[in-house]
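1. Return a 3D structure for these sequence lines:
(one chain, ligands or ions: 1)
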Amino acid sequence: MFLRRVPRIVYHFVFVALFIVCLQSLRAQEPGIASTPPMGWNSWNHFHRMIDDKTVRAQADAMVSSGMRDAGYVYINIDDTWEGERDAQGNILTNSKFPDMKALADYVHGKGLKLGIYSSPGAKTCAGYEGSLGHEQQDATTYANWGIDYLKYDLCGLRTEMKKASGPEAEHKIMIGAYVKMRDALRGTGRPIVYSLCQYGVDSVWSWGAEVGGNLWRTTGDISDHYARMEEIGFAQAGLARFAGPGHWNDPDMLEVGNGGMNAEEYRTHMSLWAILAAPLLAGNDLTTMTPETIALLTNREVIAVDQDRLGKQGDRVTEEGPIEIWARPLADGSKAVGVFNRLSTPLSATVDFRQLGFPAPVQVRDIWQAKNLGTMKEPYTVTVLPHGVVFLRVK
Ligand code: GLA
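-> Residues are numbered from 1 along each chain as shown. Presented below is the predicted three-dimensional model:
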């Protein structure tokens with residue numbers, strides 16, 4: 001009775017108001033931040049200290065012209081050595097290599113990309129530049145004002161403070177406190193800034209990284225452009241899958257693809273393993289001088305689709321038979337990405353038993369790097385895997 005007397009316009013008004021409230025609460029949850037592993041580029045692996053404004057702009061240009069941006073790479077991350085002194089008010093300044101960070105951010109944003117930066121919770125960064133200790137809120141505000149979208153926060157200098165503590169528990173507390181402080185500072189800016197923890201995996205960071213606000217956390221020491229180091233890091237990620245998920249990822253360090261220290265097969269292993277691991281894909285090469293082979297490795301759509309799969313479940317090792325390892329990652333469409341790896345420097349044959357991978361019925365198999373459907377299979381599949389190589393399959 002009463003309802004019938006309420007004019008229609010009131011219903012409309014209530015409906016629109018409810019709709020707006022729903023939209024706003026959705027936005028407040030920031031569902032988008034690192035909902036899949038971040039993709040982009042970082043200056044450290046190739047340029048180390050030799051990075052400046054001009055080089056970063058050139059990388060941004062090449063990210064677009066190479067097709068990498070359209071393949072999903074969006075972050076242009078400046079690593080250590082951009083930092084200058086602080087001004088009289090304590091605000092961090094850039095050094096002469098970066099004359100105007102805001103202008104650089106505008107340039108990068110103008111290309112449809114995002115800009116990342118680096119600091120340390122300690123007084124000094126790993127390369128001995130100014131860190132954020134005692135200036136966390138001020139630095140976060142400066143980054144936000146510049147238009148920064150990503151912060152890699154590298155423990156380094158804080159170790160000096162930690163050493164002053166009375167034992168491992170107290171040291172751990174100092175580290176956690178420092179990461180929480182920057183988390184709160186970043187959140188306080190109101191700007192969505194991806195928060196990348198870098199402390200090389202100490203104290204099992206995967207078990208508390210998400211709690212302190214990390215969108216990703218390094219699980220290991222530094223990678224280098226050698227197969228031995230890449231495999232050491234990559235295959236040591238077994239067992240960490242359950243700690244990763246949308247918004248919070250294990251980070252086995254940046255890519256070395258295209259830097260020249262590994263052959264094409266080894267780089268294919270690097271890309272495949274990182275995709276199975278739902279690892280951030282941060283290219284670490286010079287994007288302005290890439291060969292077509294490097295571009296093809298970095299932009300392979302099917303490999304990226306595995307890495308960025310929206311289910312957000314990291315893969316893990318299924319079997320290990322000497323140098324042959326089979327890893328699998330469940331994907332949103334019910335299929336699995338399967339990597340058959342040969343860690344030896346001679347070719348080896350390997351057999352994939354689909355039942356062991358959780359497929360009791362016949363399966364459809366696609367070879368990802370060959371971009372070829374292999375048809376329906378019900379018997380175990382035997383393949384030859386090249387030295388340090390991979391056969392990367394999508395199985396359904
Ligand atoms: C540490 C990090 C590297 C890089 C350097 C910069 O070694 O692990 O990724 O950021 O510092 O100094």
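
2. Near the ligand, which residues of the chain are found?
-> Applying Cβ under 6 Å from any ligand atom, we find that the chain lies next to the ligand at 44, 79, 80, 125, 126, 127, 154, 198, 222. C-beta here means a position set from N, CA and C on the backbone, and glycine is covered the same way.

3. in this protein, what spans have low per-residue confidence?
-> 1-31 (pLDDT under 70).

4. Please name the residues that touch the residue most central in space within it.
-> Nearest to the geometric centre of the chain sits residue 280, at 2.1 Å (Cα atoms, centre = their mean). Residue 280 sits next to 37, 38, 39, 196, 216, 249, 251, 254 when contact means Cβ atoms under 8 Å, 6 or more residues apart in numbering.

5. again, 7 Å this time
-> Going by Cβ atoms under 7 Å, 6 or more residues apart in numbering, residue 280 touches 37, 38, 216, 249, 251.

6. cool, residue 332 as well?
-> 309, 310, 311.

7. Excluding chain neighbours, what is closest to the second one?
-> In space, residue 310 comes closest to residue 332 once its chain neighbours are excluded; the distance is 5.0 Å by Cβ to Cβ, 6 or more residues apart in numbering.

8. Could you chop this structure up by domain?
-> Following automatic domain parsing, one finds the domains of the chain at 35-307, 316-395.

9. any idea which of the ones you listed is most buried?
-> When these are scored by mean count of other Cβ atoms under 10 Å, the highest mean neighbour count falls to domain 35-307 (a mean of 19).

10. Between the two ends of stretch 266-284, how far is it?
-> Start and end residues of stretch 266-284 are separated by 16 Å (Cα to Cα, to the nearest Å).

11. cool, stretch 297-305 as well?
-> End-to-end span of stretch 297-305 (Cα to Cα): 13 Å.

12. Quick one: residues in contact with that stretch.
-> In this structure, residues lying in contact with stretch 297-305 by Cβ under 7 Å, 6+ apart are 67-68, 71-72, 257, 267-268, 271-272, 275, 283, 368, 371.

13. mind running it again at 6 Å?
-> For stretch 297-305, contacts defined as Cβ atoms under 6 Å, 6 or more residues apart in numbering pick out 67, 68, 71, 72, 257, 267, 271, 275, 283, 368.

14. ok, the residues you listed vs residue 49, which is closest?
-> Using Cβ to Cβ, residue 283 comes nearest to residue 49 of the contacts of stretch 297-305, at 18.7 Å.

15. Contacts only, for that closest one.
-> Going by Cβ under 6 Å, 6+ apart, residue 283 touches 41, 255, 298.

16. Could you find the closest non-adjacent residue to residue 173?
-> Spatial nearest neighbour of residue 173, chain neighbours left out: residue 165 (7.5 Å); criterion: Cβ to Cβ, 6+ apart.

17. Wait, that neighbour touches residue 171, no?
-> Yes: with contacts counted by Cβ atoms under 6 Å, residue 165 reaches residue 171, the gap being 4.6 Å.

18. Where do the strands of the stretch 51-200 of the chain begin and end?
-> Secondary structure of the stretch 51-200 of the chain (DSSP state E, counting those that start in this stretch): strands at 75-77, 83-86, 92-94, 114-119, 150-154, 194-198.

19. Can you tell me which residue of the stretch 101-250 of the chain sits closest to the ligand?
-> Among all residues of the stretch 101-250 of the chain, residue 126 sits closest to the ligand, at 3.2 Å; criterion: Cβ to the nearest ligand atom.

20. re earlier: any idea which of the contacts of residue 280 is the one closest to residue 57?
-> Distance ranking of those against residue 57, using Cβ to Cβ, places residue 38 first at 20.6 Å.

21. Run through the helices of the stretch 151-300 of the chain in chain order.
-> In the stretch 151-300 of the chain, the helices defined using DSSP state H, counting those that start in this stretch lie at 158-163, 168-189, 227-235, 264-276, 292-299.

22. Which elements pack onto the first one?
-> Right, helix 158-163. Identification of packing neighbours for helix 158-163 by 3 or more Cβ pairs under 6 Å, 6 or more residues apart in numbering; DSSP states H and E yields helix 168-189.

23. then the helix it packs on to PDB, C-alphas only?
-> Output in PDB follows, covering the C-alpha atoms of helix 168-189 (Å, rounded to 0.1, in the frame of the first residue of the first chain):
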ATOM      1  CA  PRO A 168      67.500 -12.300  15.300                       C
ATOM      2  CA  GLU A 169      64.100 -11.600  16.700                       C
ATOM      3  CA  ALA A 170      64.900  -7.900  17.300                       C
ATOM      4  CA  GLU A 171      66.500  -7.700  13.800                       C
ATOM      5  CA  HIS A 172      63.300  -9.200  12.300                       C
ATOM      6  CA  LYS A 173      61.200  -6.600  14.100                       C
ATOM      7  CA  ILE A 174      63.200  -3.800  12.700                       C
ATOM      8  CA  MET A 175      62.900  -5.100   9.200                       C
ATOM      9  CA  ILE A 176      59.100  -5.700   9.500                       C
ATOM     10  CA  GLY A 177      58.700  -2.300  11.100                       C
ATOM     11  CA  ALA A 178      60.500  -0.600   8.200                       C
ATOM     12  CA  TYR A 179      58.500  -2.300   5.500                       C
ATOM     13  CA  VAL A 180      55.200  -1.500   7.300                       C
ATOM     14  CA  LYS A 181      56.200   2.100   7.700                       C
ATOM     15  CA  MET A 182      56.700   2.500   3.900                       C
ATOM     16  CA  ARG A 183      53.500   0.600   3.200                       C
ATOM     17  CA  ASP A 184      51.500   3.000   5.300                       C
ATOM     18  CA  ALA A 185      53.300   6.000   3.800                       C
ATOM     19  CA  LEU A 186      52.500   4.800   0.300                       C
ATOM     20  CA  ARG A 187      48.900   4.200   1.200                       C
ATOM     21  CA  GLY A 188      48.700   7.600   2.800                       C
ATOM     22  CA  THR A 189      49.500   9.200  -0.500                       C
END
